[in-house]
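Novice: compute the structure for the input listed below.
(4 chains)
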Protein chains: 2
Amino acid sequence: MSVAAIPSAKTPAPRDAQRIYSIAELSREFAITPRTIRFYEDEGLIKPRRHGTTRLYTAGDRTRLGWILRGKRLGFSLAEIRELLDLYQVDRTGLQQLRELQRRCQLHIADLERKRADLDQHIGEFRDVEAQVSAELKQRGVDPEST
Amino acid sequence: MSVAAIPSAKTPAPRDAQRIYSIAELSREFAITPRTIRFYEDEGLIKPRRHGTTRLYTAGDRTRLGWILRGKRLGFSLAEIRELLDLYQVDRTGLQQLRELQRRCQLHIADLERKRADLDQHIGEFRDVEAQVSAELKQRGVDPEST
DNA sequence: TTTGACGTTTACGTAAACGTCAACTAAATC
DNA sequence: GATTTAGTTGACGTTTACGTAAACGTCAAA
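Specialist: Model prediction:
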């Protein structure tokens, strides 16, 4: 690894748009293993540049990776995430393509809103439990070390 | 299957709290296979009564099943869901137990709120895309058959 | 009485999403 | 120049969440 663009461990590295990231750097930042990042590449979710065999990640790749992980947290499969990512870069010149894109966006948004309804209800239930417990604790004598 | 409580396919079955459900009934209602329901039982997520070997599900079991599936939609693993379900029925007599329950509720709620922030951002992005596409379509001449 | 719908257990299979070596290369440092 | 450090590619293992098939019991209707 002696590419000029790749910062050594010593140069703290600027966080600008020109930055190039190593796989180890991104894996540290996002708390995943390099294996995971390579796996995402195998699955077609990211396509980093190469210097020889070594992978070079741009700021865009980094953003994309964050996006992927957020999708995962929301419960989407990698296949679904790949499809969603594709929505950002499909060809928007044709009328048919635009309509199809619009349709898929609307479907996805509807799905997300259902998910949010689920989430809100779920949160509500746990807030209730917490409130009950808090009340019970207060009744038994408020505890000092509860922050 | 000749248990008095289990309705035959012909009796439409009342939807009250006394109802007892067969595995097939629940699997139809929730659009999952009986195999899935048995699997959840193996994993300790539901514990239906038995008549001989046949499983009998109460209204409570049915609610619980719905809860499990919602948890899945939100991206939780079965192991996590089991833990969350346990929060509803842990022993709340002891002070320590109450404090622990409170702590775990708070942690979970914080987790859920992070998830909701993720979700909101995600929804926002797709709304943006949809808005752009809509604008582009409008500019090209509003299409009649778009609802 | 047989068919068929529904139930059971046991056991093996599978897809997704990685983890874990092993064996190798290439640059950096001692 | 030997070693350390960071990267690479297979290849196989693992966990999760079920699917699938076999082999069987049970009842109700035809």
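Novice: from here on, just use CA atoms for contacts and neighbour counts.
Specialist: Fine.
Novice: what's the burial count for residue A:23?
Specialist: 19 (other Cα atoms under 10 Å in any protein chain shown).
Novice: quick check on the closest residue to it other than its chain neighbours: phi, psi?
Specialist: Among residues not flanking residue A:23 along the chain, residue A:34 sits closest, at 6.0 Å (Cα to Cα, 6 or more residues apart in numbering or on different chains). Per-residue torsions, residue A:34: phi -60, psi -40 (degrees, to the nearest 10).
Novice: next up, the contacts around residue A:34.
Specialist: Residue A:34 makes contact with A:23-24, A:27, according to Cα atoms under 8 Å, 6 or more residues apart in numbering or on different chains.
Novice: contact residues of chain A facing chain B?
Specialist: Contact residues, chain A versus chain B (Cα under 8 Å from any Cα of the partner chain): A:70, A:73-76, A:88, A:95, A:98-99, A:101-102, A:105-106, A:108-109, A:112-113, A:115-116, A:118-119, A:123, A:126-127, A:129-130, A:133-134, A:137.
Novice: give me the buried subset of these.
Specialist: Buried by 16 or more other Cα atoms under 10 Å in any protein chain shown: A:70, A:73-76, A:98-99, A:101-102, A:105-106, A:108-109, A:112, A:115-116, A:118-119, A:123, A:126-127, A:129-130, A:133-134, A:137, out of the residues of chain A next to chain B.
Novice: these also near DNA strand C: which ones?
Specialist: Among these, the ones lying near DNA strand C by Cα under 7 Å from any atom of the strand are residue A:76.
Novice: in helices only, show me the buried ones among the residues of chain A next to chain B.
Specialist: Judged by DSSP state H, those include A:70, A:73, A:98-99, A:101-102, A:105-106, A:108-109, A:112, A:115-116, A:118-119, A:123, A:126-127, A:129-130, A:133-134, A:137 as members of helices.
Novice: return the list of strands paired to the strand ranked longest in chain A, each annotated with direction.
Specialist: Ordering each strand of chain A by length in residues (DSSP state E) puts strand A:54-58 first. When pairs are called by DSSP bridges, strand A:54-58 turns out to pair with strand A:20-21 (antiparallel), strand A:49-51 (antiparallel).
Novice: which one, of these, ends up nearest to residue A:142?
Specialist: The closest of the strands paired with strand A:54-58 to residue A:142 is strand A:20-21. By Cα to Cα, the value is 50.9 Å.
Novice: chain center to the helix or strand just after the closest one: distance?
Specialist: Note on strand A:20-21: by DSSP states H and E, the next helix or strand toward the C-terminus is helix A:23-30. On the basis of Cα atoms, centre = their mean, to the nearest Å, helix A:23-30 sits 14 Å off its chain's mean C-alpha point.
Novice: immediately after helix A:23-30, which helix or strand?
Specialist: Assigned by DSSP H and E, the successor of helix A:23-30 is helix A:34-42.
Novice: and the average pLDDT for stretch A:85-96 is what?
Specialist: Stretch A:85-96 shows a mean pLDDT of 93.
Novice: any idea how far apart the tips of that stretch sit?
Specialist: 19 Å (Cα to Cα, to the nearest Å).
Novice: buried set for that stretch?
Specialist: For stretch A:85-96, a neighbour-count test (16+ other Cα under 10 Å) marks A:85, A:87, A:92 as buried.
Novice: now render those as JSON lines, adding secondary structure.
Specialist: Converted to JSON lines, these look like this (DSSP: H, G, I helix; E, B strand; the rest coil):
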{"residue": "A:85", "secondary structure": "helix"}
{"residue": "A:87", "secondary structure": "helix"}
{"residue": "A:92", "secondary structure": "coil"}
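Novice: surely residue A:49 meets residue A:57?
Specialist: Yes. Counting by Cα atoms under 8 Å, residue A:49 does reach residue A:57; the two are 6.6 Å apart.
Novice: tell me which of the two has more neighbours.
Specialist: residue A:57 (22 against 14).
Novice: what helix or strand does residue A:93 sit in?
Specialist: For residue A:93, there is no helix or strand it lies in under DSSP H and E.
Novice: got a pLDDT number for the residue in chain A positioned nearest to chain B?
Specialist: Going by Cα to the nearest Cα, chain B is nearest to residue A:75 of chain A, at 4.0 Å. Predicted confidence (pLDDT) for residue A:75: 95.
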